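Colleague: Sequence first, predicted coordinates after that:
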Amino acid sequence: MDTIILTKDDIAEIVNRVGLHQLMDDIINKLRKTFRNFDDELTQVRARDGFSYLTPYPGVLEWMPVMQVDDFAVIKVVSYNPGNPLLYQVPTIISTLSLYNIRTGHLMALTDGTFATALRTGAASAIASEVLANPASEVVGLVGCGAQAVTQLHALSRLFDIKRVLAYDTDKTVLASFSERCRFLDLDIQIVPREELEAEADIICTATSVGLDAGPVIDAVNLKSWVHINAVGSDLPRKIELPLELLKESLVCPDYRAQAVIEGECQQLEPGEIGPELIQLVKNAPEYKAYQMSRTVFDSTGFALEDKAAMQVLLSLAKEVGVGRTLPVESIALDPMDPYSFAREHVGSELTRTATAV
Ligand SMILES: NC(=O)c1ccc[n+]([C@@H]2O[C@H](COP(=O)([O-])OP(=O)(O)OC[C@H]3O[C@@H](n4cnc5c(N)ncnc54)[C@H](O)[C@@H]3O)[C@@H](O)[C@H]2O)c1
């Protein structure tokens, strides 16, 4: 009954051995397959829930559960704290992933979720773009150039022949380091005014930490008629990145509708104005080909099915590469009826019967 633990060093070793491009390809392929084969009789996804606070910045700590019926469950715990980089020099998104045996409740594995979240969020946008964007897209615009923007660009670069990247962020310091953070991609990255980005991009990713009621983050007055937008940053009630008029004239596809109507761009729309979910897009991709030359939006809130796929890839690569360790986390011992027996086994004798007087 041990628990597999993957530390950041283990995951760094996976990256070193497998390579970032191969890893992103593995995540994209796994996610695409997960969507294509999704069967809600076999896999149950729940909308996330959590705790929130409003000052000094709005932040949340959330749990995102998914169960493979009669088999295992993955629960991601993820926090969104946009003050983190400035206040504590740690990422806005910090997360851990845990895997449970449904039959026994045993914690089978515990891994980092921060890297996995960034990978799978990029991969989901790339998959949505693969279905909805003009396949000849060459110019990618990034509004918000923080952590998620790196994997948005990386994932898109695996599926599209990108010639130019246009970057915009309200924080000049973040913008200044973006090219260096993406140097491994060997792409032509230009810092441009937002108006220029909007006018020239074939695919736009909005991945901002815009505040509540502070959006939208683009004007959408001069977009290409075929632009595809991956709206990644809208994931709280009252946090939106796109103008309502743009949503109304576009095919808007949420990743997980039940969640997107509460905290995605879809919170701005009436039920009849919302398009198919990402799973439907992937299952019936040829049906949506006609939309590749019109305006489309992927409303990405991030959902638990994606986390399950990412965790499975990491655990499987860890086994292949031979990293990770096992630890006996739970107090399970030989006598299931005696909650103290694990401690007796540990000391190898009877426990002290008399409590120390306080
Ligand atoms: N959909 C998903 O699955 C998913 C997954 C992870 C994170 N997110 C969301 O994506 C967003 C970005 O996350 P991150 O980890 O990159 O955060 P981050 O803090 O690393 O980067 C966010 C960037 O947005 C910039 N920004 C804020 N307001 C802006 C505006 N109006 N215009 C342009 N830039 C602006 C900030 O300056 C910052 O550089 C967050 O809102 C996060 O909650 C979504």
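Modeller: Received, thanks.

Colleague: distance of residue 149 from residue 142?
Modeller: 5 Å (CB to CB, to the nearest Å). C-beta here means a position set from N, CA and C on the backbone, and glycine is covered the same way.

Colleague: Settle it for me: which of the two has more neighbours?
Modeller: It is residue 142, of residue 149 and residue 142, that has more neighbours when counted by other CB atoms under 10 Å, with 30 against 27.

Colleague: C-terminal to the helix or strand containing the more buried one, what's the next element?
Modeller: Counting by DSSP states H and E, the element that carries residue 142 is strand 139-143. Downstream of strand 139-143, the next assigned helix or strand under DSSP H and E is helix 147-159.

Colleague: now the angle from that following helix to strand 139-143?
Modeller: An angle of 170 degrees separates the directions of helix 147-159 and strand 139-143 when computed by axes from the mean of the first three to the mean of the last three CA atoms, to 10 degrees.

Colleague: Helix 147-159 near the ligand at all?
Modeller: Yes. Part of helix 147-159 sits near the ligand under the criterion CB under 6 Å from any ligand atom, namely 147-149.

Colleague: okay, those in TSV with pLDDT next?
Modeller: Shown next, in TSV, are the residues of helix 147-159 next to the ligand (pLDDT from 0 to 100):
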residue	pLDDT
147	98
148	98
149	98
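
Colleague: ok, those vs residue 124, which is closest?
Modeller: For residue 124, the closest of these turns out to be residue 148, at 10.9 Å, with distances computed as CB to CB.

Colleague: any idea how far residue 145 is from the nearest residue to that closest one once chain neighbours are set aside?
Modeller: Distances taken as CB to CB, 6 or more residues apart in numbering place residue 207 nearest to residue 148, at 4.1 Å, with adjacent residues excluded. Look at residue 207 and residue 145: by CB to CB, they are 8 Å apart.

Colleague: Could you do residue 277 as well?
Modeller: As for residue 277, its distance to residue 145 is 28 Å (criterion: CB to CB).

Colleague: more crowded one of those two?
Modeller: A direct count of neighbours by other CB under 10 Å for residue 277 and residue 145 places residue 145 higher, at 29 against 20.

Colleague: how many neighbours does residue 133 have?
Modeller: Counted with other CB under 10 Å, the neighbours of residue 133 add up to 28.

Colleague: do the same with residue 247
Modeller: If you count neighbours by other CB under 10 Å, residue 247 ends up with 24.

Colleague: check contacts around it.
Modeller: With contacts defined as CB atoms under 8 Å, 6 or more residues apart in numbering, residue 247 is in contact with 265, 268-269, 273, 297.

Colleague: related to what we said a few turns ago, could you check the distance from the residue nearest to residue 148 over to the ligand?
Modeller: Per CB to the nearest ligand atom, to the nearest Å, residue 207 is found 4 Å from the ligand.

Colleague: Could you check the pLDDT of the residue in the stretch 251-358 of the chain that the ligand sits nearest to?
Modeller: Across the stretch 251-358 of the chain, no residue is closer to the ligand than residue 302, which sits at 2.2 Å (CB to the nearest ligand atom). According to the model's per-residue confidence, residue 302 sits at a pLDDT of 96.

Colleague: Helices of the protein, residue ranges please.
Modeller: Under the criterion DSSP state H, the chain carries helices at the ranges 8-18, 20-36, 84-88, 114-132, 147-159, 172-181, 194-200, 244-249, 257-263, 278-283, 304-321, 341-347.

Colleague: who touches the residue nearest to residue 162 when sequence neighbours are not counted in this structure?
Modeller: With CB to CB, 6+ apart as the criterion, residue 162 has its nearest non-adjacent residue at 5.4 Å, and that residue is residue 140. Residue 140 makes contact with 153, 156, 160, 162, 164-166, 201-205, according to CB under 8 Å, 6+ apart.

Colleague: Kindly report the same for residue 32.
Modeller: 127, 282.

Colleague: Can you tell me how far it is from the ligand?
Modeller: Between residue 32 and the ligand the computed distance is 16 Å (CB to the nearest ligand atom).

Colleague: who touches the nearest residue to residue 81 once chain neighbours are set aside in this structure?
Modeller: For residue 81, the nearest residue in space outside its immediate sequence neighbours is residue 59; the separation is 4.2 Å by CB to CB, 6+ apart. Counting by CB under 8 Å, 6+ apart, residue 59 makes contact with 52-53, 79-83.
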